[in-house]
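Undergrad: Fold the following.
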Amino acid sequence: MKFSEMPYERVVLEEYKEKAEKIFENLKNAATSDDAIKSFFDMQDLNEKSFSMCSISYIRYSIDTNDEFYEKENDYYDEVSPYFSEISMEFSKELFNSPHREALEKRLGSLMFENIELDLKTFKPEIIPDLQEENKLVSEYSKLLASAQIEFDGKIMSRSELGAYKLDTDREIRKNAYIADAGFLNENKAQLDEIFDKLVKIRTKIAHTLGFENFVELGYCRMTRNSYDKYDIEKFRNQVKEILVPVTSVLKDQQKKRLGLEAGFKLYDDGVLFKDGNAKPYGTPEEIMENGRKMYEELSDETAEFMNFMLDNELFDVLSKKGKMGGGYCSFIGVHKSPFIFANFNGTSGDIDVLTHEAGHAFAAYYSRNAEIASYRSPTAESCEIHSMAMEFFTWSWMDKFFKDRTAKYKYSHLAQALSFIPYGTIVDYFQHIIYENPELTPAQRCEAWGKLEKQFRPWIDADGMPYYEESRRWQIQMHIYEMPFYYIDYCLAQTIALAFWALTQSGDDTSPSGDNFKKAWEKYMAVIKSAGEKKFTELVEGAAMPNPFKDGSLSDMAAVVMKWIEQNEL
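TA: Numbering: from 1, shown residues only. Okay, the predicted model is just below:
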């Protein structure tokens, strides 16, 4: 079914609660394990129907935040979603403590119960008002950024549309694009500070109510960190600082020389890798999407089926427009077994990333759509990001469809930026640890903390003379910090695995999709996809014989392979 044809009906809390209570009673009174298992699947069916409506509503709201109907629906779900969480937690608790637990675990898998144990730590009925407030603040932040209408180049545009000018070959144009963006952000920085200050306070209050020392511990439970902890993240962070920062500094020195800016490299130069500009894709959005269809038809039978399903059912919304939220994401509408991809095309190579990164998420969701147990259709976030980031590299052989004579430039940029992203992603995560371990910090002190981390992990960044950015406020436009705390390190962990997959495809003389090493890598990738949510992150990594990012030496080996390729393909 096409997305535009999917019917929507508000999930009325009272009706949902009434149905759920009947299922609860059946579970409590289950005479046999079969009765208990039936109750589990009854609840799963109720949730799938309900949460599909929530997904449709959110997607339509994010496409147009000015749509009054879906804005009201979004406000409604902000208000009632904590009550849905309460009902879900009550059912999980009943399942967890069931006298039929042994049979349930045998039928449903032990990992489900490990994850339930983490989930149960994240909720008590008394935090419902605080969760409602948190939801409202996140929506306020999203709507604020989506409201940007910036005058530039004789046009009025969104921040996503302005992004293309930030990569212009004309240095003055990209500088002015940054300044124009900073004008909007500067006008709203007090509100951005206020929203985040309230979020930190409310999240800290929630954590304390639940018995945690601080929100860091709660954040890890919310993210279902079931195979590593903050000490493992600290080990990874130290490797990034000791190994990847020096390597990335070399890449940045090379970039400065190519741009002829050794002595004056600025923030607005950081995203431009070549003096004549980064690789831009050829073609209209329609042509790009059609080439995406051809790419996936050639990659494998599974990806061909997936991409045709997505395009035939109009499960993409990729054009930037007034009132549309920024960024990109992949969602899943369970009742229709349909992934959905949301993005903002702006004429840069990022448009192709939608067909690789977000489509990697969507492919994994489509492949596992028929899994009997819904919670196993998807693994935890860092494993999901393997699906997307590895797909970016598996599609390298088809980049000529989009970039033609610019393909070599695209591959060079993609690889260099994949490596240099990891220090930035590490800052985002480290910053949140500092903030939530010290919730009393003032807005100025938060910016100071971000600035210190930039100097440690991205010493090449120079924002002097750039309004807003020179105040170390870059973190305020990283949506994850406001909307999805502690998510961002997942990209960094997944990137190390994605680069390991890439390294395998590039080993030997034949790097084509028909080569043995590519086939081996694709088989390992499909094994990760097929496991879906049935394994933990570390189990998926070890099962695919990929390097564990928490172990010493894992980043140095990966960085060496990347740098060797870059040296051999210097442009």
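
Undergrad: Can you point out the helix or strand that includes residue 339?
TA: According to DSSP states H and E, residue 339 maps onto strand 338-345.

Undergrad: Give me the contacts around whichever helix or strand comes after that strand.
TA: Moving toward the C-terminus from strand 338-345, the next helix or strand (DSSP H and E) is helix 350-353. Under the contact criterion C-beta atoms under 8 Å, 6 or more residues apart in numbering, helix 350-353 has outside partners 163, 281, 285, 288, 318, 343, 345, 392, 399, 402, 403, 410. (Glycine included, C-beta is placed from N, CA and C.)

Undergrad: Taking those together, which two end up most distant?
TA: For the contacts of helix 350-353, the maximum inter-member distance is 20.5 Å, found between 163 and 399 (C-beta to C-beta).

Undergrad: Strands of this protein, start to end?
TA: 150-152, 155-157, 316-319, 329-333, 338-345 (DSSP state E).

Undergrad: Out of those strands, the one nearest residue 13 is which?
TA: Ranking the strands of the chain by their distance to residue 13 (criterion: C-beta to C-beta) puts strand 329-333 first, at 20.4 Å.

Undergrad: care to break this structure down by domain?
TA: Domain segmentation of the chain under automatic domain parsing yields 3-120, 135-277+420-483.

Undergrad: Tell me which of these sits nearest to residue 336.
TA: Closest to residue 336 of these is domain 3-120 (C-beta to C-beta; 6.1 Å).

Undergrad: ok, residue 74 touching residue 140?
TA: No. Counting by C-beta atoms under 8 Å, residue 74 does not reach residue 140; the two are 11.1 Å apart.

Undergrad: In terms of neighbours, single out the busier of these two.
TA: Ranked by neighbour count (other C-beta atoms under 10 Å), residue 74 and residue 140 place residue 74 first, with 22 against 16.

Undergrad: Spit out the contact partners of the more buried one.
TA: Contact analysis of residue 74 by C-beta under 8 Å, 6+ apart lists 57, 58, 61, 139.

Undergrad: Same question for residue 195.
TA: Applying C-beta under 8 Å, 6+ apart, the residues near residue 195 are 137, 140, 141, 144, 482.

Undergrad: hmm, 10 Å instead?
TA: Neighbouring residues of residue 195 by C-beta atoms under 10 Å, 6 or more residues apart in numbering: 136, 137, 138, 140, 141, 144, 188, 476, 482.

Undergrad: Looking at these, which is nearest residue 488?
TA: Closest to residue 488 out of the contacts of residue 195 is residue 482 (11.5 Å), distances taken as C-beta to C-beta.

Undergrad: give me the number of residues near the closest one?
TA: Other residues lying near residue 482 total 21 when counted by other C-beta under 10 Å.

Undergrad: From what I see, it and residue 435 are in contact.
TA: No. With contact defined as C-beta atoms under 10 Å, residue 482 does not count as touching residue 435 (11.4 Å).

Undergrad: okay, and the common contacts of the two?
TA: Counting by C-beta under 10 Å, 6+ apart, the shared contacts of residue 482 and residue 435 are 196, 199, 475.

Undergrad: Buried ones from those residues, can you make that a PyMOL selection?
TA: Buried residues within the shared contacts of residue 482 and residue 435, by 16 or more other C-beta atoms under 10 Å, are selected in PyMOL with:
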select buried, resi 196+199+475
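
Undergrad: Out of the shared contacts of residue 482 and residue 435, the closest to residue 271 would be?
TA: Scanning the shared contacts of residue 482 and residue 435 for proximity to residue 271, where the rule is C-beta to C-beta, the winner is residue 475, at 17.2 Å.

Undergrad: Which residues are in contact with that closest one?
TA: Residue 475 touches 192, 196, 427-428, 431-432, 435, 446-447, 449-451, 453-454, 481-482, counting by C-beta under 10 Å, 6+ apart.

Undergrad: which one of these is nearest residue 501?
TA: Using C-beta to C-beta, residue 428 comes nearest to residue 501 of the contacts of residue 475, at 23.3 Å.

Undergrad: what's the burial count for the closest residue to that closest one other than its chain neighbours?
TA: Nearest residue to residue 428 in three dimensions, chain neighbours excluded: residue 488, at 4.1 Å (C-beta to C-beta, 6 or more residues apart in numbering). Neighbouring residues of residue 488 were enumerated by other C-beta under 10 Å; the total is 22.

Undergrad: so residue 488 makes contact with residue 424?
TA: Yes. Using C-beta under 10 Å, residue 488 is in contact with residue 424, at 9.2 Å.

Undergrad: Tell me how far residue 265 lies from residue 271.
TA: Remark: distance between residue 265 and residue 271 (C-beta to C-beta, to the nearest Å) = 12 Å.

Undergrad: For residue 407, grab the count of nearby residues.
TA: Counted with other C-beta under 10 Å, the neighbours of residue 407 add up to 17.

Undergrad: Please apply the same query to the one 10 residues further on.
TA: Around residue 417 there are 16 other residues, counting by other C-beta under 10 Å.

Undergrad: That one touches residue 278, doesn't it?
TA: Yes. If you go by C-beta under 10 Å, residue 417 and residue 278 touch, sitting 9.4 Å apart.

Undergrad: Between these two, which contacts overlap?
TA: Both residue 417 and residue 278 are in contact with 271, 349, where contact means C-beta under 10 Å, 6+ apart.

Undergrad: PyMOL command for the buried members of the contacts of helix 350-353?
TA: Those of the contacts of helix 350-353 that count as buried under 16+ other C-beta under 10 Å are selected in PyMOL with:
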select buried, resi 163+281+288+318+343+345+392+399+402+403+410
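
Undergrad: before we move on, back to that, of the shared contacts of residue 482 and residue 435, which belong to helices?
TA: 196, 199 (DSSP state H).

Undergrad: Closest one to residue 243 out of the shared contacts of residue 482 and residue 435, please.
TA: residue 475 (23.9 Å).

Undergrad: so how far is residue 441 from the closest one?
TA: The spacing between residue 475 and residue 441, counted by C-beta to C-beta, is 13 Å.

Undergrad: Between these two, which contacts overlap?
TA: Both residue 475 and residue 441 are contacted by 435, 447, 449, under the criterion C-beta under 10 Å, 6+ apart.

Undergrad: can you list these in JSON lines and add pLDDT?
TA: Output for the shared contacts of residue 475 and residue 441, formatted as JSON lines (pLDDT from 0 to 100):
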{"residue": "435", "pLDDT": "98"}
{"residue": "447", "pLDDT": "98"}
{"residue": "449", "pLDDT": "98"}
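
Undergrad: Most neighbours out of the residues you listed, which is it?
TA: Counting neighbours by other C-beta under 10 Å, residue 435 comes out on top of the shared contacts of residue 475 and residue 441 with 25 neighbours.

Undergrad: Would you confirm that it contacts residue 453?
TA: No. Look at residue 435 against residue 453 with C-beta under 10 Å: they stay out of range, at 11.1 Å.

Undergrad: so what sits against both of residue 265 and residue 271?
TA: Jointly contacting residue 265 and residue 271 under the rule C-beta under 10 Å, 6+ apart are residue 255.

Undergrad: These two: which has the busier surroundings?
TA: For residue 265 and residue 271, the more surrounded residue by other C-beta under 10 Å is residue 265, and the numbers stand at 18 against 15.
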